[in-house]
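> here is my input, please return the structure:
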Amino acid sequence: MSTIALRGEVEEESPDALPLRDAFLAILDLEDLASFFGTAYEDLGRLIYGYKPQYKYRTFLIPKKRSGYRKISTPCKSLRRIQNRLKAALDEVYRPKASVHGFVNDRSIVTNADAHLRKRYVFNLDLRDFYGSIHFGRVRNLFMKDPFSFSYEVATVVAQICCFEGSLPAGAPTSPVVSNMIARKLDSRLQTMARRRNCTYSRYADDITFSFDKPRLPHDLVDTSGMHAQPGAALLQAIEDNGFEVNYEKVRLTGRSQRMEVTGLTVNEAVNVRRQYVRELSSMLHAWEKFGLDKAQETFHSRFAKPHSASGQPKSLAHVVHGKLAFLKSVRGGDDPLYNRLASRFNKLVGDSALALNVVSIYGAEESLWIVHANDPKDTKELEHQGSGFSLRGVGIVTCWHAVSEPVSPKSRSRRLLPIVEVSGWDRPLPRTRAKVVFHDEDRDLAILQRVGVDEAKTTPALVMSERDIAHRLPLHLLGFPGWHVGESYSDKAVRISALRTDHGVQKFNIDQRIDHGNSGGPLVDVEGKVAGVAVERSWDGVGKDGAIHYLELEVVVEAYLDDLASGNDLAGA
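Numbers count the residues shown, from 1 in each chain. Coordinates of the predicted model:
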């Protein structure tokens, strides 16, 4: 059997050692228990019963987000080694319900929030003093029942290992899994109640959530008879029967017109962090960029340090920003444009430091973007056309034909070029530069522009075309200027290919995100920043497709343009 010295390191397990779960469940007496922890019972007993409380645990307070403090008790090194061994065994024994997301492998606050995504109503409540309500007697009874069936003496010692001052301490490695085991009966009961009422239940530690699709709420779960929603009678009875109490200060019912949150993440349309979280993170980066690390650190400690201090000791701004970015990535994903934009700013600040983050780079693709403007000064009723475009290396500015043209007549499919076409850079929107449409392909809805007096073939930066296979679920970035106004930046939307299709012999693909007005002509770039397609179609209120031209079709247009250029043909048409 493996041995764990109270003041040493864990030794390697022998080849014939029992699996951890089986070894723990095979314990019959106190000597077996001590042997499981790699020591004699005399030493184990001295640690549990002989140490004064102040030597077994270090206790401190950390501020809560809104008000008050949370008590944290962390075990000494020797006790922590014992608890880590116990935790590992309990993790193998515990079989979490599908509704449990806290402190379970491959589950998190993100999976917890995702269970309630886009529901009509979300009902949140907290259990009061969750760890404190799981007292010593409840823990001892847990280990006297199946699957442990320990003797009274063994269960008592195991409970002593888990408890401090008569209950589970926040800060001990064993507390999360023990609390999940204690709450298993509650999870079963609430999960059954939710299934019978066609709603969704989940729990993350002391945070309980129900969500509903139907407009009528089950009154035995949610009582809406008063000014504020409260737990219904059946829900309240289930919680109290299992030895817990509701924290009425944290009971909340929200609907679609409000910000619906689950474990701190919004779930209205997509699982996301609060806007305030991003604003705070961005302001930290901005202060660091503008004033330098030392000055930004002073500002951070005066404004933000308290919520980020576990024990009152100053925290490094760099480490706080790094942690906040890592959390943002865990919620929104590593290919999320917002995360990558903020992480890129952070990497520039920390340089080659070990804190540098992995970033999905689009290699400066945003520097190749253009806002395309087109109008007819004689038509006072028609608003200016606005689209997106991008510089393509050795070619010119690529955009959609429909972004620079209009129908010849209301019923005609043919289009005519608008008299005035201009482009402007997003980082330098004024003044605009006149542009000429030197080639267009009406079937593929693509056009090539040249700025007047500029050799676009020599323009840098400029994009190149992708060499990847265009396949279902391929991740891309849609760049462009949907609904653009002066002073705004470009849009960067993480998308995936949802379908491949051929439309009248032209290769296209659909994406799983909406292409908004003004984004037509914007490039869809792969993770290397190369053009995989061009946005050309958008749906209207869910009708139609959000589609793009395949980069192979763009190659056809480019080749035709270059052939015409070489032959000296009229370059204004296809």
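> quick one: the helices in the stretch 101-250 of the chain?
For the stretch 101-250 of the chain, the helices defined by DSSP state H, counting those that start in this stretch cover 109-114, 136-144, 152-162, 175-182, 184-196, 233-241.
> can you say which of those helices is packed in most?
Mean neighbours per residue, mean count of other Cβ atoms under 10 Å, is largest over the helices of the stretch 101-250 of the chain for helix 175-182, with a mean of 22. Any C-beta I mention is one placed from the backbone N, CA and C, and that applies to glycine too.
> between that helix and helix 184-196, how big is the angle?
Angle of helix 175-182 versus helix 184-196, following axes from the mean of the first three to the mean of the last three Cα atoms, to 10 degrees, is 60 degrees.
> quick one: pLDDT of S14?
pLDDT, S14: 47.
> is V246 bridged to anything, and to what?
L127 (DSSP bridges).
> quick thing: my sequence starts at 39, can you match it?
Okay, using 39 as the starting number, the last item reads as V284.
> for the stretch 39-188 of the chain, which segments count as strands?
Taking DSSP state E, counting those that start in this stretch as the test, the strands found in the stretch 39-188 of the chain are 95-101, 107-113, 159-165.
> deepest of those, which one?
strand 159-165 (a mean of 23).
> show me what it is packed against.
With contacts defined as 3 or more Cβ pairs under 8 Å, 6 or more residues apart in numbering; DSSP states H and E, strand 159-165 has these neighbours: strand 245-250, strand 284-293, strand 299-300.
> please name whichever of those is nearest to G372.
strand 299-300 (21.9 Å; Cβ to Cβ).
> follow-up on the earlier one: can you list the helices of the stretch 139-288 of the chain in TSV and add distance to F384 and mean pLDDT?
Shown next, in TSV, are those (distance: least, Cβ to Cβ, whole Å; pLDDT from 0 to 100):
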stretch	distance to F384	mean pLDDT
helix 147-152	21	96
helix 174-182	43	98
helix 190-200	40	98
helix 213-220	30	98
helix 222-234	39	97
helix 271-279	43	98
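> between those helices, which gets nearest to V397?
Closest among these, using Cβ to Cβ: helix 147-152, at 20.2 Å.
> tell me which element the residue positioned nearest the centre of the chain is part of?
The C-alpha lying nearest the average C-alpha coordinate of the chain belongs to V369 (Cα atoms, centre = their mean; 1.5 Å). Per DSSP states H and E, V369 falls inside helix 355-370.
> returning to that earlier point: to D129, which of the helices of the stretch 139-288 of the chain lies closest?
helix 213-220 (5.8 Å).
> tell me the angle of that closest one relative to strand 159-165?
Using the same axes, to 10 degrees, helix 213-220 lies at 110 degrees relative to strand 159-165.
> output the contacting helices and strands for helix 213-220.
helix 115-131, helix 174-182.
> can you list contacts of the longest one?
What it means is helix 115-131. 42, 44-45, 48, 57-59, 61-63, 74-76, 82, 85, 89, 94-95, 112-113, 143, 185-186, 196, 199-200, 210-212, 215-216, 219 (Cβ atoms under 8 Å, 6 or more residues apart in numbering).
> and the next element down the chain from the helix or strand that contains V459?
For V459, the enclosing helix or strand under DSSP H and E is strand 458-463. Sequence-wise, the next helix or strand downstream of strand 458-463 (DSSP H and E) is strand 466-479.
> and the angle from that next one to strand 458-463?
Using the same axes, to 10 degrees, strand 466-479 lies at 130 degrees relative to strand 458-463.
> buried sites along strand 466-479?
If you call a residue buried by 16 or more other Cβ atoms under 10 Å, then strand 466-479 has these buried ones: R470, T471, A473, V475, V476, F477, H478, D479.
> returning to that earlier point: buried ones from the contacts of helix 115-131, can you make that a ChimeraX selection?
Buried residues within these, by 16+ other Cβ under 10 Å, are selected in ChimeraX with:
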select :42,44,58,59,61,62,63,74,75,76,82,85,94,95,112,113,186,196,199,200,210,211,212,215,216,219
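> who's in contact with A532?
Here A532 is in contact with G371, D373, D374, P375, P513, L514, H515, Q551 (Cβ under 8 Å, 6+ apart).
> from S146, how far off is it?
20 Å (Cβ to Cβ, to the nearest Å).
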